[in-house]
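*Asks:* Below is the sequence, then the predicted model.
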Amino acid sequence: MATIDTPVKTSASGSGGTPARVSRTRRGRPGSRLWVKIVVALLLVVEIYPMIWMFLTSLKSNDDYLNNSTWSLPTTWEWSNYTEAWTTGHIGLYVQNSLLAVVPALALMLLLGTAAGFALQIMVWKGRSLTLLVFLAGMMVPPQMILLPLFTVYFQTGLSGTLWPLILTYTGTGLPLTVFMMATYYRTVPRELFEAATIDGAGILRAFWTISVPLVRNALLTVGLVQFFFIWNDLLIALTFTNNQDLRTIQVGLLNFTGDFGATQYGPLFAAICINVFGTLLIYLFLNQKVMKGLTSGAVKG
C-alpha cells in the first residue's frame with residue numbers, strides 16, 4: 001500500500017521532478033504547436049488557393065486569359081461568363097440530366113441496400129453469410145468489364161437514347177458497397193429493440209420501417225452522400241451510354257464544352273467548372289455534421 005500511496009502524495013503536493021515533467025509533456029512544447037499550425041496553414045493554402053484561382057479565372061475574358069499572366073487578376077470582371085455557360089453552354093440542361101439520373105439511382109440504391117443490410121444482419125436465415133460474400137464479390141468487379149455487355153443489353157431492349165441505362169448501371173455498381181456499409185451499421189443496432197418489437201406483435205416490415213430506418217438515418221445520409229459524389233463525378237459510364245447531346249450529364253458536358261463555342265472560351269469554361277465544383281461543395285458543407293455523426297455511429301458497437 002505504501003508504494004501506491006507515495007507517488008499520489010507527491011503528485012498532489014506538486015513536489016519532485018516527475019510530475020513537472022509529466023505536466024510539461026501534457027502541455028506540449030511551444031515549438032511543436034508552431035509546426036502544427038504551419039502545416040495546417042500550408043494544407044489550407046493547397047486546398048483553398050486552387051478554388052480561388054479557378055473562380056478568378058472564370059471572371060476573365062478570353063483575351064485577358066490568353067494575353068496576360070495566368071496568375072494575374074481579371075482586368076475586367078466578366079460576370080456574364082456564368083450566364084453564357086448556363087445558357088449557351090447548356091450547363092443548365094446538363095445539371096438537370098445529372099439530377100434525373102443520380103436521384104432515382106440513389107433512391108433505389110439506398111432502399112435496396114438498407115433492406116439488404118437489415119436482412120443480412122438483423123434477420124436470421126440460412127445462407128446469409130454466403131449472400132454477404134456475394135455482395136462483397138461485386139465490389140471487386142471493375143466497371144470497365146461490364147460496359148460492353150450492358151451496352152448490348154440496353155440496345156437490344158430499346159433503352160438506349162434514354163437515361164435508364166445510367167440509372168440502372170449506377171444502381172447496380174453502387175449496390176455492393178451500399179449493402180456492405182449498411183450491414184456494418186446494422187451491427188451496432190441493439191437486437192433487443194427488434195426482440196421487443198416482435199413480442200409486441202410487429203412484423204418484419206413494421207420493424208424495418210418504424211424501428212431500423214430511424215436508427216440508421218445518419219448512416220443513410222453518410223452512405224447517400226458518398227455514393228452521390230461517386231455518381232455525380234462519373235464520366236466513364238455516362239460517356240458510354242449517352243449517345244445524344246440532350247442526355248449529357250454535367251461531366252460529359254464539361255468534356256465537350258468547347259465544342260459549343262467553336263473555339264475554347266476559357267471564361268465560360270471555368271464558370272461551368274465553378275458551378276459544378278462549388279455546387280457539390282455547398283452540399284457537403286451543409287451536410288458535414290450529419291456525415292460525421294454517421295461515420296462515428298458505425299465505428300463503435302453499442
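*Replies:* Received it, and whenever you're ready, just let me know what you need. Residues are numbered from 1 along each chain as shown.
*Asks:* mind checking pLDDT for the spatially most central residue of the chain?
*Replies:* Closest residue to the average C-alpha location of the chain: residue 226 at 2.6 Å, with Cα atoms, centre = their mean. Here the pLDDT value assigned to residue 226 is 89.
*Asks:* Repeat that for residue 261.
*Replies:* Note for residue 261: predicted pLDDT of 49.
*Asks:* follow-up on the earlier one: contacting residues around the residue nearest to the centre of the chain?
*Replies:* Not one residue lies near residue 226 by Cβ atoms under 8 Å, 6 or more residues apart in numbering. Backbone N, C-alpha and C define where each C-beta goes, glycine included.
*Asks:* For residue 211, the count of nearby residues, please.
*Replies:* For residue 211, the neighbour count with other Cβ atoms under 10 Å is 18.
*Asks:* so it makes contact with residue 191?
*Replies:* No: contact criterion Cβ atoms under 8 Å: residue 211 and residue 191 do not qualify, at 11.3 Å.
*Asks:* Residue 145: neighbour count?
*Replies:* Residues contacting residue 145 under the criterion other Cβ under 10 Å number 8.
*Asks:* Correction: the previous question concerned residue 111.
*Replies:* 14.
*Asks:* same deal with residue 68?
*Replies:* Neighbours of residue 68 under the rule other Cβ under 10 Å: 14.
*Asks:* Find the residue closest to it in space, skipping its chain neighbours.
*Replies:* residue 75 (7.0 Å; Cβ to Cβ, 6 or more residues apart in numbering).
*Asks:* ditto for residue 253
*Replies:* Leaving aside its chain neighbours, residue 253 sits nearest to residue 94 (3.5 Å; criterion: Cβ to Cβ, 6+ apart).
*Asks:* Report the separation between the one you found and residue 218.
*Replies:* If you measure residue 94 against residue 218 using Cβ to Cβ, to the nearest Å, the figure is 31 Å.
*Asks:* more neighbours, these two?
*Replies:* Taking neighbours as other Cβ under 10 Å, residue 94 and residue 218 compare with residue 94 leading, 27 against 19.
*Asks:* where does residue 170 land in three-state SS?
*Replies:* What DSSP: H, G, I helix; E, B strand; the rest coil gives for residue 170 is helix.
*Asks:* okay but it is in contact with residue 100, surely?
*Replies:* No: if you go by Cβ under 8 Å, residue 170 and residue 100 don't touch, sitting 11.7 Å apart.
*Asks:* Out of the two, name the residue with the larger neighbour count.
*Replies:* residue 170 (24 against 15).
*Asks:* With residue 143 as the reference, measure out to that one.
*Replies:* 10 Å.
*Asks:* Was I right to think residue 247 contacts residue 98?
*Replies:* No: counting by Cβ under 8 Å, residue 247 does not reach residue 98; the two are 10.5 Å apart.
*Asks:* Comparing the two, which shows the higher neighbour count?
*Replies:* residue 98 (24 against 21).
*Asks:* Just to check, that one is in contact with residue 250?
*Replies:* Yes: contact between residue 98 and residue 250 holds when scored by Cβ under 8 Å: they sit 4.6 Å apart.
*Asks:* Spit out the residues that contact those two alike.
*Replies:* Counting by Cβ under 8 Å, 6+ apart, the residues touching both residue 98 and residue 250 are residue 232.
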